[in-house]
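K.L.:
pasting the structure only:
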């Protein structure tokens, strides 16, 4: 029987833990990147504001002939300075402008007598170099901005003594999401430690007892004798194990009591039947004597069949692994009644060989007796193997397909043991097959005859 590893509790819980850790890391990374973006924007904005305030102070304090030199020295690939008669910023429209403006006024020791204008806006798509830059500086700008990115542009216009304006323009991209190698190693190490602990816990404390419980339940359903399971694992697993042990004890006592009752009844009937047989022999009328003796013999035969049925219920044969193909071949060679056997794939199953041989013999003999030519085949499914017994007889009326499994029920009403038997063969067969965890069903074939289908599941390892 194949088992999908992704359907096991251990693998599913491990995948769930990894998914939860990964989700938590991604959320943390997203929050970190957003906070980092805001922090970088603020830092760059404050840095640009500081540079602008310093350049404005230098220009106001420097002679006219040095002002252009100061502007050239202050320019960079991402920040440009320009001295003009008109401001480039006509209005302010960003919430962050107050902080930048306050920063500039603080550095200039300004008491709000100077006009300072701030403009912030985002740039999406292809980022072009700042205007009025040299070719070399434009190339450096493109390299730093890396082309198609999301950037923030800040423009400043600061009033300078003499009626002129210092216009400042700067651009800085949003910092890319970064996951340092150490963070990746920490995540991998944390996941590995958690998974190791989970697997250890599940294997030793949870899945181990559960797997033993599954195996014990399967063996109990097959009629095997099993001892009480040890009480290990978490409280819930211990409670489940304790409940299973109590259920097993109750079922065992219940079946044993019924079997002993049936066996005792059959045994105790022997003595009065023997006495009746002796008294019947003393009857003078031949016809009456023969009738009484025949009835007593039939009752004795039924008692023996009942004892045989009880022994089948109380059988304690050990289960073993058997090749089903070889098992059926041996059965065919041992049986007196002939039947056709189709081979199938090689497969091993855990069965009680003597009990299952008895069940199959009852079914096959019943098919040969009432159906004549009988054909036996088997096939393998993922969780079970199927044995089919088909005959060419008259079949059974649909309402009687289940009743024939009742003890002592016979379709043949003559009560003759030569033609009808005791009516226990199929009952014994179903009892044994169900003792293996399987079942048997009957159906009428479309082409005529009866088909018995025996399905027995593979034992859980």
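P.N.:
Yep, that arrived. Only a predicted model underlies this, so the values are computations on that prediction, with no experimental measurement involved.
K.L.:
And the next helix or strand past the lowest-mean-pLDDT helix or strand in the chain?
P.N.:
The helix or strand of the chain with the lowest confidence, counting by mean pLDDT, DSSP states H and E, is helix 135-145 at a mean of 53. Later in the chain than helix 135-145, the nearest helix or strand by DSSP states H and E is strand 151-160.
K.L.:
how about low-confidence regions in the stretch 51-200 of the chain?
P.N.:
For the stretch 51-200 of the chain, residues meeting the criterion pLDDT under 70 lie at 91-97, 123-151, 172-183.
K.L.:
ok, 50 please
P.N.:
Residue ranges of the stretch 51-200 of the chain with pLDDT under 50: 126-129, 133, 145-149.
K.L.:
ranges for the strands of it?
P.N.:
Counting by DSSP state E, counting those that start in this stretch, the stretch 51-200 of the chain has these strands, from start to end: 79-84, 116-123, 151-160, 164-173.
K.L.:
Now do the helices in the chain.
P.N.:
9-61, 67-74, 97-107, 135-145, 181-201, 207-221, 235-268, 270-281, 286-313, 324-334, 353-371, 425-435 (DSSP state H).
K.L.:
all strands in the stretch 351-461 of the chain, in order from the N-terminus.
P.N.:
Under DSSP E, counting those that start in this stretch, the stretch 351-461 of the chain gives strands at 374-380, 384-391, 439-444, 450-457.
K.L.:
Compare these and give me the one nearest residue 185.
P.N.:
Smallest distance to residue 185 across the strands of the stretch 351-461 of the chain (CB to CB): 47.8 Å, for strand 450-457. Yep, even glycine has a C-beta here, placed from its N, CA and C like the rest.
K.L.:
who does the closest one pair up with?
P.N.:
Paired strands of strand 450-457, with direction, are strand 384-391 (antiparallel), strand 439-444 (antiparallel) (DSSP bridges).
K.L.:
that older thread, output the strands of the stretch 351-461 of the chain in JSON lines, with mean pLDDT and distance to residue 403 appended to each entry.
P.N.:
As requested, these are arranged in JSON lines below (pLDDT from 0 to 100; distance: least, CB to CB, whole Å):
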{"stretch": "strand 374-380", "mean pLDDT": "89", "distance to residue 403": "22"}
{"stretch": "strand 384-391", "mean pLDDT": "90", "distance to residue 403": "19"}
{"stretch": "strand 439-444", "mean pLDDT": "91", "distance to residue 403": "10"}
{"stretch": "strand 450-457", "mean pLDDT": "91", "distance to residue 403": "14"}
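K.L.:
Turn the ones you listed into CSV, including distance to residue 329.
P.N.:
Converted to CSV, these look like this (distance: least, CB to CB, whole Å):
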stretch, distance to residue 329
strand 374-380, 11
strand 384-391, 13
strand 439-444, 21
strand 450-457, 17
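K.L.:
Please tabulate those strands in TSV and include mean neighbour count as additional columns.
P.N.:
Formatted as TSV, the strands of the stretch 351-461 of the chain follow (neighbours: other CB atoms under 10 Å):
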stretch	mean neighbour count
strand 374-380	18
strand 384-391	20
strand 439-444	16
strand 450-457	20
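K.L.:
can the strands paired with strand 450-457 go into JSON lines with extra columns for distance to residue 357?
P.N.:
Putting the strands paired with strand 450-457 into JSON lines (distance: least, CB to CB, whole Å) gives the following:
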{"stretch": "strand 384-391", "distance to residue 357": "12"}
{"stretch": "strand 439-444", "distance to residue 357": "15"}
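K.L.:
Among those strands, which comes closest to residue 264?
P.N.:
By CB to CB (comparing all of the strands paired with strand 450-457), the closest turns out to be strand 439-444, at 28.2 Å.
K.L.:
hang on, the earlier thing: of the helices of the chain, which is nearest residue 88?
P.N.:
Closest among the helices of the chain, using CB to CB: helix 9-61, at 12.6 Å.
K.L.:
got JSON lines for the helices of the chain, with distance to residue 118 and mean neighbour count too?
P.N.:
Shown next, in JSON lines, are these (distance: least, CB to CB, whole Å; neighbours: other CB atoms under 10 Å):
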{"stretch": "helix 9-61", "distance to residue 118": "8", "mean neighbour count": "15"}
{"stretch": "helix 67-74", "distance to residue 118": "18", "mean neighbour count": "14"}
{"stretch": "helix 97-107", "distance to residue 118": "4", "mean neighbour count": "17"}
{"stretch": "helix 135-145", "distance to residue 118": "22", "mean neighbour count": "14"}
{"stretch": "helix 181-201", "distance to residue 118": "36", "mean neighbour count": "12"}
{"stretch": "helix 207-221", "distance to residue 118": "64", "mean neighbour count": "17"}
{"stretch": "helix 235-268", "distance to residue 118": "64", "mean neighbour count": "13"}
{"stretch": "helix 270-281", "distance to residue 118": "114", "mean neighbour count": "13"}
{"stretch": "helix 286-313", "distance to residue 118": "95", "mean neighbour count": "15"}
{"stretch": "helix 324-334", "distance to residue 118": "87", "mean neighbour count": "15"}
{"stretch": "helix 353-371", "distance to residue 118": "92", "mean neighbour count": "20"}
{"stretch": "helix 425-435", "distance to residue 118": "87", "mean neighbour count": "21"}
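K.L.:
Lowest average confidence across those, which one?
P.N.:
Here those differ in mean pLDDT, and the lowest is helix 135-145 at a mean of 53.
K.L.:
Quick check: bridge partners of the nearest residue to residue 445 once chain neighbours are set aside?
P.N.:
Nearest in space to residue 445, with sequence neighbours left out and distances taken as CB to CB, 6 or more residues apart in numbering, is residue 451 at 5.2 Å. Residue 451 has these beta-bridge partners by DSSP bridges: residue 390, residue 443.
K.L.:
related to what we said a few turns ago, of the strands paired with strand 450-457, which approaches residue 300 most closely?
P.N.:
For residue 300, the closest of these is strand 439-444, at 28.8 Å, according to CB to CB.
K.L.:
Measure how that closest one sits relative to helix 425-435, angle-wise.
P.N.:
140 degrees (axes from the mean of the first three to the mean of the last three CA atoms, to 10 degrees).
K.L.:
Show residues contacting strand 439-444.
P.N.:
363, 395-396, 398, 401-402, 404-405, 426, 429-430, 433, 450-455 (CB atoms under 8 Å, 6 or more residues apart in numbering).
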